[in-house]
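Q: here is my input; please provide its structure:
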Amino acid sequence: MIDWTHWHNEPILIGGLIFLGWLYAILTGPLRGKLSAVSYQPSASGPELPAPSSQLPASIPYPRSHAIKFYAALVVFYLAVGSPLDQLGERYLLSAHMLQHQLIIYPAAVLFLLGLPDWLVRPLTGRPGLRPALRVLTHPVVCGTIYISVLSIWHLPSFYDLALQNRLVHIAEHFMFFGAGLFYWWPVLSPATELPRVSFASQIVYLTAVVIGMTPLFAYIAFAPDVLYPTYEFAPLIKLFGVSMGAAGDQLLAGAMMKLIGMSVGAIASTVSFYRWYQANEAKHPALGKNKAAGTTNPH
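A: Model prediction:
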């Protein structure tokens, strides 16, 4: 049965997270001044060139708020794939596995992007030679298509069950979900000035379109007439909070979680975008806002 005290300590997982944390510390610490000095200025006669050294900033303050979010992303990722939740999702419950994916795609990916200062990604995004390709890859249509395609393909029974049976394939699945999550959130949370976030109106349309695009996958899982994944069909029955749902009920719950959590996150993100849109309009037209608040009318 489930060992609630078991936490994964595989070298690939622990070593990878430690390496990312160490690399971030080096780049935002000793190398901060050098990286923050990488700046590009537009040139009418040719490609964008590095600014003269006399115009470069010596350094900038340590990005503490960014660092907190970045390291929080690593912690959430480990909790998703290294805690007893992984054993529960790998052997017993599709709904637990679905929760893992939601943690990877939503809080982990969001915090990861929010933890990247603009100057940290500029050595890559600021390269004129890479920018055309990066613009295509980060276009909302491409990002949404990558996200929906990756999740849909991995949820096909043959691929999904293979991941449950093979540890390396399972690790690859989770890293691909995390990468798909980064693509999903890039148009809304891009840290790069050269590849900026889309307009607030476009963010709302984009988030809504992705939720709609995920509906066939949700329906496929939730309303399938049979249990899709043999691992869960033949898994031992366990009780959570005194309730045992069986494989069919667990599959329905997993599909509902995919849809409801995805819709809720999309609705929250759209609300935030709408509020920022409203704030931006108020900042552009402060007098109009004051007149509305005061109830100003035309004296004629």
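Q: now the strands for the stretch 51-200 of the chain?
A: Taking DSSP state E, counting those that start in this stretch, the stretch 51-200 of the chain contains no strands at all.
Q: please enumerate the helices of it.
A: For the stretch 51-200 of the chain, helices defined by DSSP state H, counting those that start in this stretch occupy the ranges 64-82, 84-91, 94-103, 109-114, 118-125, 131-137, 140-154, 157-165, 167-189, 200-213.
Q: could you do the stretch 201-300 of the chain as well?
A: 215-222, 230-233, 246-284, 286-294.
Q: and the closest residue to Phe218 other than its chain neighbours, how many neighbours does it have?
A: Counting by C-beta to C-beta, 6 or more residues apart in numbering, Phe218 lies nearest to Lys259, which is 4.1 Å off, once chain neighbours are set aside. Just so you know, the C-beta spots here come from the backbone N, C-alpha and C atoms, and that holds for glycine as well. Using other C-beta atoms under 10 Å, Lys259 is surrounded by 18 other residues.
Q: next: Leu156.
A: Neighbour tally, Leu156, other C-beta under 10 Å: 13.
Q: so Lys259 sits against Thr215, correct?
A: Yes - between Lys259 and Thr215 there is a contact under C-beta atoms under 8 Å: 7.3 Å.
Q: distance of the most centrally placed residue in the chain from Val188?
A: By C-alpha atoms, centre = their mean, the mean C-alpha position of the chain lies nearest to Ala109, the distance being 3.0 Å. Look at Ala109 and Val188: by C-beta to C-beta, to the nearest Å, they are 11 Å apart.
Q: now do the buried residues in stretch 206-224.
A: For stretch 206-224, a neighbour-count test (16 or more other C-beta atoms under 10 Å) marks 206-207, 210-211, 213-214, 217-218, 221-222 as buried.
Q: ok, now stretch 138-146?
A: Neighbour-count burial for stretch 138-146 [16+ other C-beta under 10 Å]: 138, 140, 143-144, 146.
Q: do the same with stretch 62-82
A: 63, 66-67, 69-74, 76-82.
Q: which other residues reach it?
A: 7-9, 13-14, 17, 20-21, 24, 28-29, 32, 85-86, 100, 103-104, 107-112, 114-117, 174, 178 (C-beta atoms under 8 Å, 6 or more residues apart in numbering).
Q: pull out the buried residues from the residues you listed.
A: 13, 17, 20, 24, 28, 32, 85-86, 100, 103-104, 107-112, 114-117, 174, 178.
Q: rewinding a little: wait, what's in contact with the residue nearest to Phe218?
A: So Lys259 contacts 214-215, 218, 222 (C-beta under 8 Å, 6+ apart).
Q: also Leu13?
A: Here Leu13 is in contact with 78, 81-82, 171 (C-beta under 8 Å, 6+ apart).
Q: ok, those vs Leu164, which is closest?
A: Ile171 (12.1 Å; C-beta to C-beta).
Q: which residues touch the closest one?
A: Counted by C-beta under 8 Å, 6+ apart, Ile171 has contacts 12-13.
Q: ok, it to Ser270 distance?
A: Ile171 is 33 Å from Ser270, by C-beta to C-beta.
Q: can you list the buried residues of stretch 206-224 in CSV and add distance to Gln251 and pLDDT?
A: Formatted as CSV, the buried residues of stretch 206-224 follow (distance: C-beta to C-beta, whole Å; pLDDT from 0 to 100):
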residue, distance to Gln251, pLDDT
Tyr206, 29, 98
Leu207, 26, 97
Val210, 23, 97
Val211, 21, 96
Gly213, 21, 96
Met214, 17, 96
Leu217, 13, 95
Phe218, 12, 94
Ile221, 6, 94
Ala222, 7, 91
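Q: could those residues be laid out in TSV, adding distance to Pro236?
A: Output for these, formatted as TSV (distance: C-beta to C-beta, whole Å):
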residue	distance to Pro236
Tyr206	42
Leu207	39
Val210	36
Val211	35
Gly213	35
Met214	31
Leu217	27
Phe218	27
Ile221	21
Ala222	23
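Q: show me which of these is closest to Ala247.
A: Ile221 (12.4 Å).
Q: thought that closest one was touching Gln251?
A: Yes - assessed by C-beta under 8 Å, Ile221 is found in contact with Gln251 at 6.3 Å.
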